[in-house]
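what follows is a protein structure lacking sequence information:
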C-alpha cells in the first residue's frame, strides 16, 4: 500500500471539498449573517485536513495508482467527505450522530433526515443540504477532475472502484476531457431546471434546492412533505423530466455531446429502464383507480410521478404513498431495489445488472434442457464477458445478504419487520422515503441511535456498491506485505 499516494489524493479531495463550502459561505454573507461562522469554521477545518494530508503525502505529481490505492481513495474519500460535511450541522447544534446522518444522507443522495422541522434552517444551510446531494451525485466526475492530473495508469482502477453499475461505459482514454464535458452537462442541466422551475412560479431558493436534489436523484426538498406542499402539476412534470435524465447513463450524454446520436439509439439499457417505469406507473395507476382511492386523472398523475421518483431513487413524493393500497406500495418497493441505469446518479442494483441476471438465469435453464448448447448473454448487441456475469452474480448475492443482515439489525430496535425491510431497502438504494414510521411525510427522528447508525452504514454501503466499503474494513487490506 502506497500510503503517501493515498494521503496526497485525499488531500486534493479535501481541497475540492473546501472550495465547495465557499458557496454556502457566500450565501450566508449575503443573506444569513448569523450563520457565517458555520461555514467559515467548516472551511478552515477542511482546509487544514487537506493541508495535513498533502504535507504527509507524496510530493510526486504523477504516480502509478494500483487497484488497492484506488479503492482506498474512494472508500476513505467518501468517509472523509461525509464527516467533513457533518461539520455545519454539528456547529449548528445538532448531535454527532444526527449531523453525520444528515451529511451521509446528502452525499449518498439518499435524501432522508432526522430533522423534525426546517423552519429554523437558514437559506445557506438549506442550500448546503442540497449541495451535498449535487456533489455526491456527480462524485465520480469530481474525483477524476481533482485526481486525474496526478496519476497515469490507475485511471481504470479508480473508475471501476467508484462508478456505479455493471456495464457503465468508460470514457477513457481522454478521461479528464470526458469528465469536464460530463460535469458541464450536469451543471447546464441543473441551471436549466432552475430556470424552468422559476418560470412555474417557484421561488429562487426553492428552485435551486429542487434542481440540486433532482439532478443528483437525491430527494431533499425545501418542505418536509417533499413536493406535496407545492401541489403543482407543472413542477411535478419538470421534476419527472429531469429525474429521468439524471437516472440514465451519463456516458450517453457524453457521446451525444460529441455528436454521436447513434449511441442513444443503440443503447438498450435505457429502453429496459423506461419500459419498466412505464409498466410500473400503469400498474400503480390502475390499482389506485380500480380501488377507488383516486379518480383517473390523479391516479395517472401520481402513479407516473411516484414510479419515476422511486425508480430513479430520487425519493420525491407528490402524495403520501404510505396510505396507498398494498399492491402500489409493493411495486414501489420493487422499484427501490432495481434502481436506475448504470453510470447515472441513481442508486439501487441497476437495471443493467437485473437484465443480465435474468438473461443468465434463462441461459442456465436452457443449458439444463440442452447441455451442449452454447448461449451468449448480450446487452445492447454486445456479448457480456462471463467474468462480468460472475461479478454481477456475486454482487447480487452479497447485496441480498447485506440487506437481510441489516434488516434484522434494525428490527432489533423494535421496528416491525415490514417497516425494517422498507428502511434498509431505501437506504441501500438511496431512494429516500419508505413506509410506515419513515413514510414520505415522516422523518427518521423516531428511530433510535442504534437504528440511525445502522442506516448510516446502509447508506454508505449502497453508495459505494458494497464491495469498496467492506474491502477497506478488512485489516489485511492495509498490510504492506499483502500482494495486490
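That came through fine. Just so it is clear, the structure is predicted and the values come from calculations on it, not from any experiment. Numbers count the residues shown, from 1 in each chain.

give the contact list for residue 430.
Applying CB atoms under 8 Å, 6 or more residues apart in numbering, one finds that residue 430 lies in contact with 108-111, 217-218, 313, 346-348, 459, 462-463. (Each C-beta comes from the backbone N, C-alpha and C, glycine too.)

quick check, nearest of those to residue 70?
Among the contacts of residue 430, residue 463 lies closest to residue 70 (CB to CB), at 16.3 Å.

ok, and the closest non-adjacent residue to that closest one?
By the measure of CB to CB, 6 or more residues apart in numbering, the closest residue to residue 463 outside its immediate chain neighbours is residue 108, 3.9 Å from it.

same check on residue 214?
For residue 214, the nearest residue in space outside its immediate sequence neighbours is residue 242; the separation is 4.7 Å by CB to CB, 6+ apart.

which strand or helix spans the one you found?
helix 233-246 (DSSP states H and E).

now do that helix: distance to the chain's middle.
On the basis of CA atoms, centre = their mean, to the nearest Å, the separation between the geometric centre of helix 233-246 and that of its chain is 17 Å.

just the buried residues of that helix, please?
The neighbour-count check on helix 233-246 (16 or more other CB atoms under 10 Å) flags 235, 236, 238, 239, 240, 241, 242, 243, 244, 245, 246 as buried.

now it: average pLDDT?
Mean pLDDT, helix 233-246: 93.

do the same with stretch 357-374
Confidence over stretch 357-374, taken as the mean pLDDT, stands at 83.

in that stretch, what counts as buried?
Taking 16+ other CB under 10 Å as the neighbour-count basis, stretch 357-374 is seen to contain the buried residues 357, 359, 360, 363.

residues in contact with that stretch: which ones?
By CB under 8 Å, 6+ apart, the list of residues contacting stretch 357-374 from outside reads 375, 377, 378, 379, 389, 392, 393, 396.

just the buried subset of these, written out for PyMOL, thanks.
This is the PyMOL syntax for the buried subset of the contacts of stretch 357-374, where burial follows 16+ other CB under 10 Å:
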select buried, resi 377+379+389+392+396
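
quick one on the thing from earlier: elements contacting the helix holding residue 242?
For helix 233-246, the helices and strands in contact under the criterion 3 or more CB pairs under 8 Å, 6 or more residues apart in numbering; DSSP states H and E are helix 175-199, helix 204-215, helix 296-311.

now that helix against helix 175-199, angle please.
For helix 233-246 against helix 175-199, the angle between stretch directions is 170 degrees (axes from the mean of the first three to the mean of the last three CA atoms, to 10 degrees).

what does the helix or strand containing residue 454 rub up against?
According to DSSP H and E, residue 454 maps onto helix 449-463. Residues lying outside helix 449-463 but in contact with it, judged by CB under 8 Å, 6+ apart, are 78-79, 82, 97-98, 100-101, 104-105, 107-110, 112, 114, 136, 347, 402, 406, 409-410, 412-413, 415, 423-424, 427-430, 444, 447, 469-470.

do that again at 6 Å, thanks
Defining contact as CB atoms under 6 Å, 6 or more residues apart in numbering, one finds that helix 449-463 is touched by 97, 101, 104, 108, 110, 347, 406, 409-410, 413, 424, 427-430, 469.

would you turn the helices and strands packed on helix 233-246 into TSV with mean pLDDT and distance to residue 49?
Formatted as TSV, the entries for the helices and strands packed on helix 233-246 read as follows, by pLDDT from 0 to 100; distance: least, CB to CB, whole Å:
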stretch	mean pLDDT	distance to residue 49
helix 175-199	84	24
helix 204-215	89	24
helix 296-311	94	36
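
residue 263: which of the ones you listed is closest?
Among the helices and strands packed on helix 233-246, helix 175-199 comes nearest to residue 263, with 13.3 Å by CB to CB.

show me what the closest one packs onto, helices and strands only.
Helix 175-199 sits against helix 139-147, helix 204-215, helix 233-246, helix 250-257, with contacts defined as 3 or more CB pairs under 6 Å, 6 or more residues apart in numbering; DSSP states H and E.

buried sites along the shortest one?
Buried residues in helix 250-257, counting neighbours by 16+ other CB under 10 Å, are found at 250, 251, 252, 253, 254, 255.

got the angle for the helix holding residue 242 vs helix 296-311?
Using the same axes, to 10 degrees: helix 233-246 against helix 296-311 is 30 degrees.

helix 233-246 versus helix 250-257: what angle between them?
For helix 233-246 against helix 250-257, the angle by the same axes, to 10 degrees is 90 degrees.

name the residues that touch helix 233-246?
With CB under 6 Å, 6+ apart as the contact definition, helix 233-246 has outside contacts at 193, 196-197, 200, 214-215, 217, 305, 308, 312, 314, 318, 345.

buried only: go through those residues for me.
193, 196, 197, 214, 215, 217, 305, 308, 312, 314, 318, 345.

export the residues you listed to CSV and tack on distance to residue 207?
As requested, these are arranged in CSV below (distance: CB to CB, whole Å):
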residue, distance to residue 207
193, 8
196, 8
197, 4
214, 10
215, 12
217, 17
305, 18
308, 19
312, 19
314, 16
318, 17
345, 19
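
ok, the residues you listed vs residue 298, which is closest?
Within the set of those, residue 318 lies nearest residue 298; the separation is 9.5 Å, counting by CB to CB.

show me the contacts for the closest residue to that closest one other than its chain neighbours.
Take residue 318 and drop its neighbours on the chain: the residue closest to it by CB to CB, 6+ apart is residue 305, 4.5 Å away. Under the criterion of CB under 6 Å, 6+ apart, the contact list for residue 305 reads 236, 240, 318.

try it again at 10 Å.
The neighbours of residue 305, taking CB atoms under 10 Å, 6 or more residues apart in numbering as the test, are 227, 233, 236-237, 239-240, 243, 281, 284, 316-319, 321.

from residue 255, how far out is it?
29 Å (CB to CB, to the nearest Å).

still on that earlier bit, sort out which of the contacts of residue 430 are in helices and list them.
Secondary structure assignment (DSSP state H) places 459, 462, 463 from the contacts of residue 430 within helices.

what secondary structure does residue 222 sit in?
Assigned with DSSP: H, G, I helix; E, B strand; the rest coil, residue 222 falls in the coil class.

please renumber so the chain begins at 644
Got it, the first residue is 644 from now on, which makes the last one we talked about residue 865.

is it in contact with residue 762, as I believe?
No - taking contact to mean CB atoms under 10 Å, the distance of 11.5 Å between residue 865 and residue 762 leaves them out of contact.

neighbour count: those two, which is higher?
Of the pair residue 865 and residue 762, residue 865 is the one with more neighbours under other CB atoms under 10 Å, namely 23 against 7.

and that one, what pLDDT?
On the pLDDT scale, residue 865 is placed at 75.

check residue 813 too.
Reading off the per-residue confidence, residue 813 sits at a pLDDT of 46.
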